[in-house]
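Engineer: Here's a sequence, model it:
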Amino acid sequence: MGLWSVPGGRLEPGEDDEAGVRREVMEETGLRVEVGPLAGVVERPGPGGVTYVIRDYHATVTGGTAAAGDDAADLRWCAPADLARLPLTEGLLETLTGWGALPA
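Structural biologist: Residues are numbered from 1 along each chain as shown. Presented below is the predicted three-dimensional model:
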């Protein structure tokens, strides 16, 4: 809790990645996006031996009004250089940089 991250969540039954990305970004930020290519995939261990497979995508904002969703305290745009000064979810900066989604 209290850490910065990128929007995300689980797919609904029958939902493909593109629809899930659009829905989650809208729910969490109030923004409409055009989903771009896959940025990368990471696996994280969950409770009870479950493994979460996380697929992150590039996206371009196409509309909406930016506002933090009900599961977030705030929303902000950051320059890539500013991310290192924020309390981020574990491994986020290294993962995004490793995928080439951020400048090295």
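Engineer: Retrieve the pLDDT associated with the residue located most distally from the centre of the chain.
Structural biologist: Residue distances from the centre of the chain (CA atoms, centre = their mean) peak at residue 48, which lies 24.0 Å from the mean C-alpha position. Residue 48 carries a pLDDT value of 96.
Engineer: Wasn't it part of a helix?
Structural biologist: Yes - counting by DSSP: H, G, I helix; E, B strand; the rest coil, residue 48 falls inside a helix.
Engineer: what's the distance between it and residue 31?
Structural biologist: 34 Å (CB to CB, to the nearest Å). (Glycine included, C-beta is placed from N, CA and C.)
Engineer: what are the ranges of the helices in the chain?
Structural biologist: Per DSSP state H, the chain carries helices over the ranges 17-29, 92-98.
Engineer: looking at these, which has the lowest confidence?
Structural biologist: Looking at the helices of the chain, the bottom one is helix 92-98 with a mean of 94.
Engineer: Tell me the gap between that one and the middle of its chain.
Structural biologist: Remark: helix 92-98 is offset 12 Å from the chain centroid, using CA atoms, centre = their mean, to the nearest Å.
Engineer: For that helix, buried residues please.
Structural biologist: Residues of helix 92-98 classed as buried by neighbour count (16 or more other CB atoms under 10 Å): 92, 93, 95, 96.
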